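A.B. asks: Starting from these lines, generate the structure:
(2 chains)
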Protein chains: 2
Amino acid sequence: MSEKRFEMVKEHHKNTFEKAKKDGKMDKEFISLCNFLTKSKNYFSASSCAGRITLVGLDMNESKKESAFHRKWHRKVKFGEVREGIEAYDGEVLWFKQEPIIFHLGTNNLVNSKPILVACEKAGVKRSGIKVAKEGKFIIEIVGTHQINLPVRENGETKIDNTYLKYLVTKANQKFVKNQKSLKKLEKEMKKLLK
Amino acid sequence: MSEKRFEMVKEHHKNTFEKAKKDGKMDKEFISLCNFLTKSKNYFSASSCAGRITLVGLDMNESKKESAFHRKWHRKVKFGEVREGIEAYDGEVLWFKQEPIIFHLGTNNLVNSKPILVACEKAGVKRSGIKVAKEGKFIIEIVGTHQINLPVRENGETKIDNTYLKYLVTKANQKFVKNQKSLKKLEKEMKKLLK
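C.D. replies: Model prediction:
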C-alpha cells in the first residue's frame, strides 16, 4: 500500500517536473539535481526555487495574497527596474525581498529521509526538516538562510532613498549568487550520499 | 533502548529548562508552553526564543561568529538605542534583524511528531519540520515567518537615514508583537492536540 502510494506520487512529480522543464518554467540551477533525483529509485523533487528577488505588496495585516507579487525576478536585478517597481506601487505596504532557495524533496520513508537531512547539514543549508510523514510519502522542506526583507514603501510614500536602494541592490545580487553556490554544494552532498 | 534514550534526553532538557527559568534566562512568553510540554509524557522543549531584534556584525563573507551579536533585545526597541548601536559599530557589515520565533521541541518517535506538525500548520507557523530522527530522539524545529533583515552599515558608513530608521523600528516592533501572537496561537493548538 505504501509502496503503491510512493510509485504514484513519484510518477506524478516526474511528469510535473518534465513538463516544467519543457515549458522553460524550471530554475535552470535546479535542473541537474532534479534530474538526478527523478532518475533515482527512492526520491523525487516536488517543487523548487533557486532564490529570487521580489517586491511583495501586503496589507497592514501582512496577509499575502498570490496577487501580491508586484515584481518577481529569478535573476540578479538592476537599480532602475527595482526603482520603477517601487514607484509604481499604490497598495498599502510594499516589501523588498531577496528570498532564499526553497526546495521540497520527496521520498518513501523515514530511513531514506535521513541522508537528505545529513546532506543539508553538510552543505550548510540549515533550515531543513521532514514536513510530511505519511506511509509512502515523506516530504522534506529545505530553505536557505541567505535573505533580505524590508519594507520600502507605504501608502504611496517611498521610504528609502536612491543611495540606499543602489546599495541594497548590490547586496541582494551578492546574496542571490550565494544562494546558487549553496545549491551547488547541496547537489554535491546529495550526489555523494545517495549514490 | 530507544525508551531509555528518550527518558535520559527528556530529563536532561527538563533540568536545563528549570535552571533557565530560575535564572531568568527564559523568554517569558514561552514559559507556559514549555511547562506544559515538560509535564507531558512524550514531549520536551529543547530550546526556545520568542523572537528578538538584533544588530549582527558579519564579515564580507557573511560568516557569523557567536561574538557577532553587536546588540540583542528580547523586547520592543527604541529608535535612540538602535541608532546608538549602529553608530558604535566599527566592523565590516552590520545587519539589522527582527528575528522570528525559533523553537526546538523533542519527542520519542515519528507517531508523536505528527500532531506537532499539524499544530504548526493550524497556527500558521509555516517553517516547521523534523530535523533529527533517531530512535528515542526526534527533534522538531519550528521557525516563524515574520522577519526583517537588512544591511545598515558598512566599513564605518551608515547606509540608512534617521527617517527610515524610525520607520523601521516601528515595523520591527509591530512584527515582534505579531511573533508573540503566533506563539500564543501555537500554544493553543498544541494544548488542544496533545491533551
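
A.B. asks: CA only for contacts and neighbour counts going forward, please
C.D. replies: Will do.

A.B. asks: Assumed A:I86 was part of a helix.
C.D. replies: Yes: A:I86: assigned to a helix according to DSSP: H, G, I helix; E, B strand; the rest coil.

A.B. asks: quick one: it from chain B, how far?
C.D. replies: Distance of A:I86 to chain B, given as C-alpha to the nearest C-alpha, to the nearest Å: 15 Å.

A.B. asks: in chain A, what residue is nearest chain B?
C.D. replies: A:G129 (4.1 Å; C-alpha to the nearest C-alpha).

A.B. asks: Specify the beta-bridge partners of that residue.
C.D. replies: Beta-bridge pairing of A:G129 under DSSP bridges involves A:E141.

A.B. asks: and it, what is it in contact with?
C.D. replies: Applying C-alpha atoms under 8 Å, 6 or more residues apart in numbering or on different chains to A:G129 gives the contacts A:117, A:140-142, B:128-131, B:140-141.

A.B. asks: could you dump those to CSV with distance to A:V169 and pLDDT?
C.D. replies: Output for the contacts of A:G129, formatted as CSV (distance: C-alpha to C-alpha, whole Å; pLDDT from 0 to 100):
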residue, distance to A:V169, pLDDT
A:L117, 32, 94
A:I140, 31, 96
A:E141, 28, 96
A:I142, 25, 95
B:S128, 30, 93
B:G129, 32, 95
B:I130, 35, 96
B:K131, 33, 95
B:I140, 35, 96
B:E141, 31, 96
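
A.B. asks: Show me what the lengthiest helix in chain A is packed against.
C.D. replies: Counting residues, the longest helix in chain A under DSSP state H turns out to be helix A:162-194. Counting by 3 or more C-alpha pairs under 8 Å, 6 or more residues apart in numbering or on different chains; DSSP states H and E, the packing neighbours recorded for helix A:162-194 are helix A:28-39, strand A:52-58, helix A:79-87, strand A:93-99, helix A:110-123.

A.B. asks: Only the buried residues of that helix, if you could.
C.D. replies: With burial defined by 16 or more other C-alpha atoms under 10 Å in any protein chain shown, the residues of helix A:162-194 counted as buried are A:164-165, A:168-173, A:175-180, A:182-187, A:189-190.

A.B. asks: could you dump stretch A:102-121 to PDB, C-alpha only?
C.D. replies: What follows is stretch A:102-121 as a C-alpha-only set of coordinates in PDB (Å, rounded to 0.1, in the frame of the first residue of the first chain):
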ATOM      1  CA  ILE A 102      13.200  26.700  -1.300                       C
ATOM      2  CA  PHE A 103      13.100  23.000  -2.200                       C
ATOM      3  CA  HIS A 104      10.600  20.300  -1.500                       C
ATOM      4  CA  LEU A 105      12.000  16.800  -1.900                       C
ATOM      5  CA  GLY A 106      10.100  13.600  -1.600                       C
ATOM      6  CA  THR A 107      10.900  10.100  -0.600                       C
ATOM      7  CA  ASN A 108       9.200   6.900   0.600                       C
ATOM      8  CA  ASN A 109      10.100   6.500   4.300                       C
ATOM      9  CA  LEU A 110      12.000   7.700   7.300                       C
ATOM     10  CA  VAL A 111      15.100   5.700   6.500                       C
ATOM     11  CA  ASN A 112      15.600   7.400   3.100                       C
ATOM     12  CA  SER A 113      14.800  10.800   4.600                       C
ATOM     13  CA  LYS A 114      17.800  10.800   6.900                       C
ATOM     14  CA  PRO A 115      20.600  11.100   4.300                       C
ATOM     15  CA  ILE A 116      18.900  14.200   2.900                       C
ATOM     16  CA  LEU A 117      18.900  15.800   6.300                       C
ATOM     17  CA  VAL A 118      22.600  14.900   6.600                       C
ATOM     18  CA  ALA A 119      23.400  16.400   3.100                       C
ATOM     19  CA  CYS A 120      21.600  19.700   4.100                       C
ATOM     20  CA  GLU A 121      23.600  19.800   7.300                       C
END
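
A.B. asks: now that stretch: how far from the chain's centre is it?
C.D. replies: Relative to its parent chain, stretch A:102-121 has a centroid offset of 16 Å by C-alpha atoms, centre = their mean, to the nearest Å.

A.B. asks: buried set for it?
C.D. replies: Within stretch A:102-121, the residues that count as buried by 16+ other C-alpha under 10 Å are A:102-110, A:113-121.

A.B. asks: ditto for stretch A:146-156
C.D. replies: Within stretch A:146-156, the residues scored as buried using 16+ other C-alpha under 10 Å are A:146-154.

A.B. asks: residues from chain A in reach of chain B?
C.D. replies: Selection of chain A residues close to chain B by C-alpha under 8 Å from any C-alpha of the partner chain yields A:110, A:114, A:117, A:128-131, A:133, A:140-141, A:147-151, A:159-160, A:164, A:167-168, A:171.

A.B. asks: redo that, cut-off 7 Å
C.D. replies: A:117, A:128-131, A:148-150, A:159-160, A:164 (C-alpha under 7 Å from any C-alpha of the partner chain).

A.B. asks: Tell me which two in these are the farthest apart.
C.D. replies: A:L117 and A:K159 (40.3 Å; C-alpha to C-alpha).

A.B. asks: mind showing which ranges of chain A have poor pLDDT?
C.D. replies: A:63-67 (pLDDT under 70).

A.B. asks: first to last residue in stretch A:149-158, what's the distance?
C.D. replies: This stretch, stretch A:149-158, spans 15 Å end to end (C-alpha to C-alpha, to the nearest Å).

A.B. asks: which residues sit against that stretch?
C.D. replies: A:90-98, A:159-160, B:148-150 (C-alpha atoms under 7 Å, 6 or more residues apart in numbering or on different chains).

A.B. asks: What number of residues are in the vicinity of A:R71?
C.D. replies: A:R71 has 16 neighbours, counted by other C-alpha atoms under 10 Å in any protein chain shown.

A.B. asks: Am I right that it falls within a helix?
C.D. replies: No: assigned with three-state DSSP, A:R71 falls outside any helix and is strand.

A.B. asks: ok, it touching A:R52?
C.D. replies: No: A:R71 is beyond contact range of A:R52, at 10.4 Å (criterion: C-alpha atoms under 7 Å).
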